[in-house]
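**Student:** requesting a structural model of the entry that follows:
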Amino acid sequence: MSNKSLRARIPAYKMAFASGELQRTYKDLVSIVQSLRAEFSKQYKGQFTVANVLHGYIDFTYFYLQNDYLKKHKLKLAVVLNHQEVQFELWLLGQTKDVQIDYWAKLQGVRWVDQDVMPEWSIFEILMLADPDFDNVKALSERIHGVFAELSEEIFTTLKVYQ
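**Tutor:** Model prediction:
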C-alpha cells in the first residue's frame with residue numbers, strides 16, 4: 001500500500017480511467033462471470049442454490065453456491081474471479097467470521113488450508129484456473145465446470161471427515 005495521500009494518488013487514478021479500457025475490460029470480465037453463474041444455476045438446479053453475482057470492491061467478482069449440507073453447517077462455496085491475479089478461484093466461506101475461524105482451525109492439515117494465516121475473506125482458497133483464455137469463453141466455461149465438479153466433491157468428502 002502506498003503512503004501517498006489520497007490527493008497525490010488521484011492523477012494515477014484518473015489516468016487509469018482515461019482511455020476507457022479499464023471500464024470495458026472490467027465490464028467484459030463481469031459479464032463472463034455472470035454467464036458462468038447462469039450456467040451453474042442451470043447445471044446444478046436442484047443440487048445447489050446459486051446466488052447472484054456479487055462484486056468485491058474492484059478486486060473480486062463472485063457468486064455463491066449452497067446446498068442443504070453447506071447451509072446446515074453455515075458454509076458456502078464461491079466461484080471467484082480474482083481481478084488482481086486474473087484467475088478463477090474456489091473459496092470455502094463461513095456465514096460469519098466466527099464460523100470461518102472455527103472451520104479454519106478444524107481443517108488444519110488439509111492441503112488447501114494455510115496453517116499460518118487464515119485468508120481475510122474465506123476459510124481457504126483454491127486456484128481453479130490460472131491465466132484463463134477469456135477469448136475462448138466456451139473452453140473457459142467447460143474448464144471451470146470440470147474443476148468445480150472435481151473440487152466440490154473433494155471438499156464435501158473432506159468436510160465430512162473433519163466434522
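**Student:** any low-confidence regions in this structure?
**Tutor:** Residues of the chain that meet the criterion pLDDT under 70 lie in 1-2.
**Student:** give me the secondary structure label for residue 110.
**Tutor:** Three-state assignment for residue 110 (DSSP: H, G, I helix; E, B strand; the rest coil): coil.
**Student:** so how far is residue 4 from the residue nearest to it when sequence neighbours are not counted?
**Tutor:** Leaving aside its chain neighbours, residue 110 sits nearest to residue 158 (5.7 Å; criterion: CB to CB, 6 or more residues apart in numbering). (C-beta placed from N, C-alpha, C; glycine too.) Residue 158 is 44 Å from residue 4, where distance means CB to CB, to the nearest Å.
**Student:** ditto for residue 24
**Tutor:** From residue 24 to residue 4 the distance is 27 Å (CB to CB).
**Student:** residue 158 and residue 4: who's more crowded?
**Tutor:** residue 158 (15 against 10; other CB atoms under 10 Å).
**Student:** I'd say the more buried one and residue 107 touch.
**Tutor:** Yes. With contacts counted by CB atoms under 8 Å, residue 158 reaches residue 107, the gap being 7.4 Å.
**Student:** which helices and strands sit right next to the lengthiest helix in the chain?
**Tutor:** The longest helix of the chain (DSSP state H) is helix 137-162. Secondary-structure packing of helix 137-162 (3 or more CB pairs under 8 Å, 6 or more residues apart in numbering; DSSP states H and E): helix 21-43, strand 75-82, strand 87-94, strand 124-130.
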